[in-house]
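> Pasted the sequence and its predicted model underneath.
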Amino acid sequence: MKTSIRNKLIALFSVILFAALWEILALALNSPLVLPSIEVVAGRFFHLAGTKTFWRSLGFTFLRVLAAFFITFILGLLLGFASGLSEKVRVFLVFPLSLIRGTPVVALIMVMLFWFNSRSLPVICAVLMNLPVMTDGVSKAVRNTDKKLLEMARIFDISFWRKITHIYLPETRPYIEGAARTVFSQGWKVVAAGEILALPRNAIGTLIQDNRLILESPSVFALTLCLCVLCIVSEKLFFKAFSMCLVVARKLHKSSDGTDFVKIENDFPQQQSDITVENLSFSYGATNETPGQLVFKDLSLRLSGGAITALFAPTGRGKTTLLKILSGLISSDSYQGKVVCPKVSFIFQDQRLVSNLSVLENAALPLYRQFGKKEALKKGKKFLSMVGLLEKEKLPAAVLSGGEKQKLQAARAFAYNTPVILMDEGTSSLDEKSRSELWETIETLMAKNPRTLVFVTHNNDEALAHSSQIIEF
């Protein structure tokens, strides 16, 4: 509270200092044509504000700014996501975006005067000048999206649309909002510049130019300050309203998802499948010129279907790499040998949950594609009940404890209809109590939904206590 008051006082002092300097310069120059005083500018503004021409011009200018913003925002999102997801698209867009970025605003407007009428030119110029900002911001945010969450989405075969809406958009939202704010504020400047040069009817820029030609400096200053204030105020109000709309839309979306808990009988019959690895050889960073770092050399093993198997080895021996090969995260083109493994689900070592989604949404996310949304939420609730998290279904996953997040991962993995579940040191980050509770949860899930479970560990006691077979390598 004290910090907020202090910041407001500092901001107020900045405004007062600016006004004082203006008045001092105006008195020193003593030339109203060059720099009229604040009192004269304020008086001229109130005079202009009493005319219909001013308000009509202001309204049309604001509509042009909004039109330019929405066009830029939509195009920037589409191009940004396309270039962020595809390296080919990104490289293709480098030249046109660089060309636009390097073109001075005035030069662009003068060229556009040959092609477009005066009414549309300010909007088109604002779109072109701001499109690189929006596109680059979105593209960089998409490329920096958490790769571990994308691996999770790949394991659980989450649809492209749900990856966009549930992973990319939440991850990139702060960067998109920052780029959008920049585009909105710059839109005022470019639209005004376009109006000043194109002179459309009903435009603040046209009023500025008209008053400049008849040497009405107070009017020019008044209109310019009006644009500055409107830019600042409208940005704050617009994005506050936009955020409120997002909150309302999210609440409506969640309310439409609500389903009462319905007890579902065991609709996951026992599924057993062996896993076979023959003569597996793999090196990280291997190319035609360099051998890379050797991880496996002619590794062969067989994991019994329906069993709980512990892969026991010291740190750095390649346990996680083996799970990535079994799950398909490392493609068959990257290694030599034969690997036979059915579709898997995964309990990750790190808590790969979408933090802004609820506990239920995280559990159901992989199920939408298999069962549809309504049934997915029912099944998600069923497995949350099994792991003791049903009461927390509406909470954001981010607020769960470490042990609860791993239980949620277990619920998600078992809810996903696959014969094999892989666990990559899922207890390594937990204390003794949480580790014990997680294993109790997994044993309960295994009893009600038998699967093949393969977990890696460097803890010998854990391997002995919780597996029916141990494979050391």
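All right, it came through fine.
> Confirm that residue 342 sits in a strand.
No: under DSSP: H, G, I helix; E, B strand; the rest coil, residue 342 sits outside any strand and is assigned coil.
> Need the pLDDT of it.
Looking at residue 342, its pLDDT reads 86.
> got the contact list for it?
Residues counted as contacts of residue 342 (CB atoms under 8 Å, 6 or more residues apart in numbering) are 273, 275, 418-420. Every C-beta, even on glycine, is put in place using the N, C-alpha and C of the backbone.
> Once you drop chain neighbours, what's closest to residue 337?
Excluding the flanking residues, the one nearest residue 337 by CB to CB, 6 or more residues apart in numbering is residue 280, at 3.8 Å.
> quick one: strands adjacent to the host helix or strand of that neighbour?
Assigned by DSSP states H and E, residue 280 belongs to strand 275-284. Its sheet considered, strand 275-284 pairs with strand 293-303 (antiparallel), strand 336-340 (antiparallel) by DSSP bridges.
> tell me the phi and psi of residue 452?
phi -90, psi 120 (degrees, to the nearest 10).
> That one contacts residue 418, correct?
No: counting by CB atoms under 8 Å, residue 452 sits too far from residue 418 to count as a contact (9.2 Å).
> Residue 295 reaches residue 283, doesn't it?
Yes: counting by CB under 8 Å, residue 295 touches residue 283, with 6.1 Å between them.
> show me where pLDDT drops low in the stretch 251-400 of the chain?
251-273, 285-292 (pLDDT under 70).
> would you list every one of the helices in it?
319-327, 359-364, 368-371, 373-387 (DSSP state H, counting those that start in this stretch).
> Point out the most buried one among these.
Most buried of these by mean neighbour count (mean count of other CB atoms under 10 Å) is helix 359-364; its value is a mean of 27.
> can you give me how far that helix is from the chain middle?
For helix 359-364, the distance from its own C-alpha centre to the chain's C-alpha centre is 18 Å (CA atoms, centre = their mean, to the nearest Å).
> And for stretch 317-336?
From the chain centre to the centre of stretch 317-336 is a distance of 28 Å (CA atoms, centre = their mean).
> Could I have the CA atoms of that stretch written out in PDB?
Taking Å, rounded to 0.1, in the frame of the first residue of the first chain, the C-alpha atoms of stretch 317-336 are listed here in PDB:
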ATOM      1  CA  ARG A 317      23.500 -44.400 -17.200                       C
ATOM      2  CA  GLY A 318      20.600 -43.600 -19.600                       C
ATOM      3  CA  LYS A 319      17.500 -44.600 -17.700                       C
ATOM      4  CA  THR A 320      15.500 -41.600 -18.800                       C
ATOM      5  CA  THR A 321      16.800 -41.900 -22.300                       C
ATOM      6  CA  LEU A 322      15.500 -45.500 -22.400                       C
ATOM      7  CA  LEU A 323      12.000 -44.300 -21.400                       C
ATOM      8  CA  LYS A 324      12.100 -41.600 -24.100                       C
ATOM      9  CA  ILE A 325      12.900 -44.300 -26.600                       C
ATOM     10  CA  LEU A 326      10.100 -46.600 -25.400                       C
ATOM     11  CA  SER A 327       7.600 -43.700 -25.400                       C
ATOM     12  CA  GLY A 328       8.600 -42.500 -28.900                       C
ATOM     13  CA  LEU A 329       9.900 -39.100 -27.700                       C
ATOM     14  CA  ILE A 330      13.200 -40.200 -29.300                       C
ATOM     15  CA  SER A 331      12.300 -41.300 -32.800                       C
ATOM     16  CA  SER A 332      13.400 -44.600 -34.300                       C
ATOM     17  CA  ASP A 333      15.500 -42.800 -36.900                       C
ATOM     18  CA  SER A 334      17.800 -41.700 -34.100                       C
ATOM     19  CA  TYR A 335      18.900 -45.200 -32.900                       C
ATOM     20  CA  GLN A 336      19.800 -48.600 -34.200                       C
END
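> If you count neighbours, what's buried in the helix or strand where residue 41 lies?
Per DSSP H and E, residue 41 falls inside helix 38-49. Neighbour counts over helix 38-49 (16 or more other CB atoms under 10 Å) mark 40-41, 44-45, 48 as buried.
> Which neighbouring elements make contact with it?
Packed against helix 38-49 by the contact rule (3 or more CB pairs under 8 Å, 6 or more residues apart in numbering; DSSP states H and E) you find helix 2-29, helix 217-257.
> ok and it relative to helix 2-29, angle-wise?
Helix 38-49 runs at 100 degrees relative to helix 2-29, counting by axes from the mean of the first three to the mean of the last three CA atoms, to 10 degrees.
> ok, then the element right after helix 38-49?
Defined by DSSP H and E, the subsequent element after helix 38-49 is helix 52-85.
> Go ahead and measure how far that next one is from the middle of the chain.
Using CA atoms, centre = their mean, the mean C-alpha position of helix 52-85 is found 22 Å from that of the whole chain.
> Can you name the element that comes right after that helix?
Next along from helix 52-85, by DSSP H and E: helix 87-102.
> So what touches that next one?
Outside helix 87-102, the residues that reach it (CB under 8 Å, 6+ apart) are 79, 82-84, 108, 128-129, 131-132, 135-136, 139.
> for the strands paired with strand 275-284, which one sits closest to residue 350?
strand 293-303 (20.3 Å; CB to CB).
> Report the buried residues of the closest one.
Here strand 293-303 shows 295-296, 299, 303 as buried, counting by 16+ other CB under 10 Å.
> circling back to that earlier point, how many neighbours does the residue nearest to residue 337 have?
Per other CB atoms under 10 Å, the neighbour tally for residue 280 reads 20.
> That one contacts residue 300, correct?
Yes: the pair residue 280 / residue 300 is scored as a contact, 7.1 Å apart, by CB under 8 Å.
> Tell me where the stretch 101-250 of the chain has helices.
Under DSSP H, counting those that start in this stretch, the stretch 101-250 of the chain gives helices at 105-112, 121-143, 147-155, 160-163, 169-198, 204-213, 217-257.
> just the ones you listed: most buried one?
Comparing the helices of the stretch 101-250 of the chain by mean neighbour count (mean count of other CB under 10 Å), helix 121-143 ranks first with a mean of 23.
> then it to CSV, C-alphas only?
Provided in CSV are the C-alpha atoms of helix 121-143 (Å, rounded to 0.1, in the frame of the first residue of the first chain):
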residue,chain,number,x,y,z
LEU,A,121,-4.6,4.7,-45.7
PRO,A,122,-4.1,5.5,-41.9
VAL,A,123,-5.5,2.1,-41.0
ILE,A,124,-3.4,0.2,-43.6
CYS,A,125,-0.2,2.0,-42.6
ALA,A,126,-0.8,1.3,-38.9
VAL,A,127,-1.3,-2.4,-39.7
LEU,A,128,1.8,-2.6,-41.8
MET,A,129,4.0,-0.7,-39.3
ASN,A,130,2.8,-2.7,-36.3
LEU,A,131,2.5,-6.2,-37.8
PRO,A,132,6.2,-7.0,-37.3
VAL,A,133,6.0,-6.1,-33.6
MET,A,134,3.0,-8.4,-33.1
THR,A,135,4.3,-11.2,-35.2
ASP,A,136,7.8,-11.2,-33.7
GLY,A,137,6.4,-11.1,-30.2
VAL,A,138,4.0,-14.0,-30.7
SER,A,139,6.6,-16.0,-32.7
LYS,A,140,9.3,-15.7,-30.0
ALA,A,141,6.7,-16.6,-27.2
VAL,A,142,5.6,-19.7,-29.1
ARG,A,143,9.2,-20.8,-29.7
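> Sweet, I'm off.
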